[in-house]
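1. Let's see this in three dimensions:
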Amino acid sequence: MNIVMFLAPFSLGLGLLAVAAFWWSLKAGQYEDPAGDAARILVEDPEDRPIA
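-> Just a heads-up that it's a prediction; the model follows:
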């Protein structure tokens, strides 16, 4: 029973930390242009290729 008293607040704290990190990523604009990011992967840019 003692372990439950430790793990329950710990798991709630981790959950709140995850929600806070997600909220921060929304406010920081991490999800603003998903269509542009998806299209940018397909562009062949010679400057992005590694030097042999």
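
2. Return the distance of the longest helix along the chain from the chain's centre.
-> Ordering each helix of the chain by length in residues (DSSP state H) puts helix 2-27 first. Offset of helix 2-27 from its chain centre (CA atoms, centre = their mean, to the nearest Å): 15 Å.

3. Moving C-terminal from it, which element do we reach first?
-> Downstream of helix 2-27, the first helix or strand assigned by DSSP states H and E is helix 34-41.

4. what's that following helix packed up against?
-> If contacts are counted by 3 or more CB pairs under 8 Å, 6 or more residues apart in numbering; DSSP states H and E, helix 34-41 sits against no helix or strand. Where you see a C-beta, it was placed from the backbone N, CA and C, and this is true even at glycine.

5. Let's see that helix as CSV, backbone CA atoms only.
-> C-alpha atoms of helix 34-41 as CSV (Å, rounded to 0.1, in the frame of the first residue of the first chain):
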residue,chain,number,x,y,z
PRO,A,34,2.6,20.4,-41.4
ALA,A,35,1.8,20.5,-45.2
GLY,A,36,4.9,22.6,-45.9
ASP,A,37,7.1,20.3,-43.9
ALA,A,38,5.7,17.2,-45.7
ALA,A,39,6.3,18.8,-49.1
ARG,A,40,9.8,20.0,-48.1
ILE,A,41,11.0,16.4,-47.7
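
6. Distance from that helix to the middle of the chain?
-> 17 Å.

7. And stretch 16-35, by the same measure?
-> For stretch 16-35, the distance to the chain centre is 7 Å (CA atoms, centre = their mean).

8. Next, the distance between the ends of that stretch.
-> 29 Å (CA to CA, to the nearest Å).
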